[in-house]
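1. turn this into a model:
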Amino acid sequence: MRNTGERKAWADKRAEIMGRPGAGASYEAARIRFELGEAVRLRCEEPGLTGTVPLLERLAEALEMRLGVRFRTLREAG
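-> Next up is the predicted model:
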């Protein structure tokens, strides 16, 4: 990427990214994950429960899974 000293407008940058193969599907998957997390957070906040982590730990245990958080490169998350 060359540095021209100019910044792209967000709309231009977004259009460039969304034009890449598989970008639409990746965006949709990320949107669903975000909405799920937001729904869990909002549900926990309704009765005054601000600690979503214990709820997620119980959910993971009920599903016989282990709760984990990790960072992945955008290429890996694809």
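2. where are the low-confidence patches of the chain?
-> Across the chain, residues meeting the criterion (pLDDT under 70) sit at 1-5, 48-51.
3. helices of that one, start to end?
-> 10-18, 23-45, 52-62, 74-77 (DSSP state H).
4. to Gly68, which of these lies closest?
-> Of all the helices of the chain, helix 52-62 sits nearest to Gly68, with 8.6 Å by C-beta to C-beta. Backbone N, C-alpha and C define where each C-beta goes, glycine included.
5. tell me the angle that closest one makes with helix 23-45.
-> 110 degrees (axes from the mean of the first three to the mean of the last three C-alpha atoms, to 10 degrees).
6. which strands or helices does helix 52-62 pack on?
-> helix 23-45 (3 or more C-beta pairs under 8 Å, 6 or more residues apart in numbering; DSSP states H and E).
7. for the helix it packs on, which positions count as buried?
-> 26, 44 (16 or more other C-beta atoms under 10 Å).
8. heads up, I number from 881, so please use that
-> Happy to do that; since the first residue is 881 now, the last one works out to helix 903-925.
9. packing partners for it?
-> helix 890-898, helix 932-942.
10. would you reformat these as a markdown table and include distance to Arg923 and mean neighbour count?
-> Output for the helices and strands packed on helix 903-925, formatted as a markdown table (distance: least, C-beta to C-beta, whole Å; neighbours: other C-beta atoms under 10 Å):
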| stretch | distance to Arg923 | mean neighbour count |
| --- | --- | --- |
| helix 890-898 | 30 | 11 |
| helix 932-942 | 8 | 12 |
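11. Serialize those helices to CSV and add fields for distance to Val949.
-> Supplementary listing: those in CSV, determined by distance: least, C-beta to C-beta, whole Å:
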stretch, distance to Val949
helix 890-898, 25
helix 932-942, 10
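12. I'd like to know which of those helices lies nearest to Gly904.
-> Proximity to Gly904 (C-beta to C-beta) singles out helix 890-898 among those, at 6.6 Å.
13. now the angle from that closest one to helix 903-925?
-> 110 degrees.
14. can I get helix 890-898 as PDB, trimmed to CA atoms?
-> Extracted as PDB, the C-alpha positions of helix 890-898 are listed here (Å, rounded to 0.1, in the frame of the first residue of the first chain):
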ATOM      1  CA  TRP A 890     -14.900   5.400   5.200                       C
ATOM      2  CA  ALA A 891     -17.400   4.600   2.500                       C
ATOM      3  CA  ASP A 892     -14.700   4.100  -0.100                       C
ATOM      4  CA  LYS A 893     -12.600   1.900   2.300                       C
ATOM      5  CA  ARG A 894     -15.700  -0.100   3.200                       C
ATOM      6  CA  ALA A 895     -16.600  -0.600  -0.500                       C
ATOM      7  CA  GLU A 896     -13.100  -1.800  -1.200                       C
ATOM      8  CA  ILE A 897     -13.200  -4.300   1.600                       C
ATOM      9  CA  MET A 898     -16.700  -5.500   0.800                       C
END
